[in-house]
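Asker: Give me a model of this one.
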Amino acid sequence: MEKLVREESRNRTAVQEFILEGFPAVQHLGSVLLLVHLLAYLASITGSTLIITITWVDHRLHTPMYFLLTSFSFLECCFISTVIPKLLFIFLSGRQKISFAACFTQSFVFLFLGATIFFLMAVLSLDRYLAICKPLHYPTIMNLRVCFLLVTVCSVLGFFFMVIPVIMLSQLSFCGPHVIPHFFCDIGALIHLSCSDTRSTEMMAFGFTSLIILSSLIITIIAYSNIAVTITRLPSAKERQKAFSTCSSHLIVLSLMYGSCVFIYVKPRQRSRLDSNREATLVNTVVTPLLNPVIYTLRNKQVHQALREALSRLKLQK
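Answerer: The predicted structure follows:
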């Protein structure tokens, strides 16, 4: 009896590392995929870093909106860096193995930063709502201290909501198979690999991810609905057209981000549609991080002016 228990214990902890399957259907295009993902990653990091730098050096951009956008850009840099460098390494070397500890660390950091970004997206929507719909009250409600507090609360909530499912997941047994049908350690794929009873972990992950995504989505929809109503009441047709152009760009990115995450996470059975989750995750880790710096900040006239002045100062120094 004791021998059987020891053997069962060894079998239940047999998996010491996982293999990231990546994109088996297009594995022959490894060099092309490496180049595409590398360029997208560098462009996203460059755009976000540029936003952070310009906001930091130009005192005119030391406002609540730009503080929130800078925080958002920093989180996005960290978010994509938890996944894309490992994916690039797989394309480059062909080594798809990842240790048990590294896998769960990647899963937690990805979920924690993703949850924090969703909470911050809701805060950004509320900030725009106050600025456009309540301009007289905006200076008294939003200041740098309030913004810092809001970003801190978003981070704490993101950590709290995501640490519990990952801890529960790490307590499960993994006795094989050890191939993850994804390009990173996604919680749904890991749940699928466990040989334990995963119902409680699966429902906990579903409940927390659904709460985060849907609560942020509802706040964003309410905020932008009020913004749309306010814009329609603007007296100038030129002002209405400009405002709708800006909002429509925001809504395209929001639709991509929320749509892909609802498709991936807002479903009680994580075992379903694992293959299609790969393509949907690429939207969040490659497409939206590439668009966000351009749409949220780099199209802004204040940022354009700050960039021109910074470039002029650099030319003068040379």
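Asker: tell me which element the residue nearest to the spatial centre of the chain is part of?
Answerer: The chain has residue 114 as the residue nearest its centroid, 4.0 Å off, counting by CA atoms, centre = their mean. Secondary structure from DSSP states H and E places residue 114 in helix 100-133.
Asker: So what touches the next helix or strand after that helix?
Answerer: Once helix 100-133 ends, the next helix or strand along the chain (criterion: DSSP H and E) is helix 138-141. With contacts defined as CB atoms under 8 Å, 6 or more residues apart in numbering, helix 138-141 is touched by 130, 131, 134. Quick note: C-beta positions are derived from backbone N, CA and C, even for glycine.
Asker: In TSV: the residues you listed, plus pLDDT.
Answerer: As requested, the contacts of helix 138-141 are exported to TSV (pLDDT from 0 to 100):
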residue	pLDDT
130	91
131	86
134	88
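Asker: which of those count as buried?
Answerer: Buried members of the contacts of helix 138-141, counted by 16 or more other CB atoms under 10 Å: 130, 131.
Asker: Please look at the residue nearest to the centre of the chain and residue 285 and confirm they touch.
Answerer: No: assessed by CB atoms under 8 Å, residue 114 is found out of contact with residue 285, at 9.7 Å.
Asker: quick revisit: nearest to residue 59, out of the contacts of helix 138-141: which one, please.
Answerer: Residue 59 lies nearest to residue 131 out of the contacts of helix 138-141, by CB to CB, at 19.4 Å.
Asker: and residue 121, what does it touch?
Answerer: Residue 121 neighbours (CB under 8 Å, 6+ apart): 72, 216, 220, 254, 257.
Asker: same thing but 6 Å
Answerer: Neighbour list for residue 121: residue 216 [criterion: CB atoms under 6 Å, 6 or more residues apart in numbering].
Asker: Residue 262 and residue 214, how far apart?
Answerer: Relative to residue 214, residue 262 is positioned 8 Å away (CB to CB, to the nearest Å).
Asker: Over to the residue nearest to residue 98 when sequence neighbours are not counted. Which of the three states is it?
Answerer: Distances taken as CB to CB, 6 or more residues apart in numbering put residue 18 closest to residue 98, at 5.4 Å, once the chain neighbours are dropped. Secondary structure, DSSP: H, G, I helix; E, B strand; the rest coil: residue 18 is strand.
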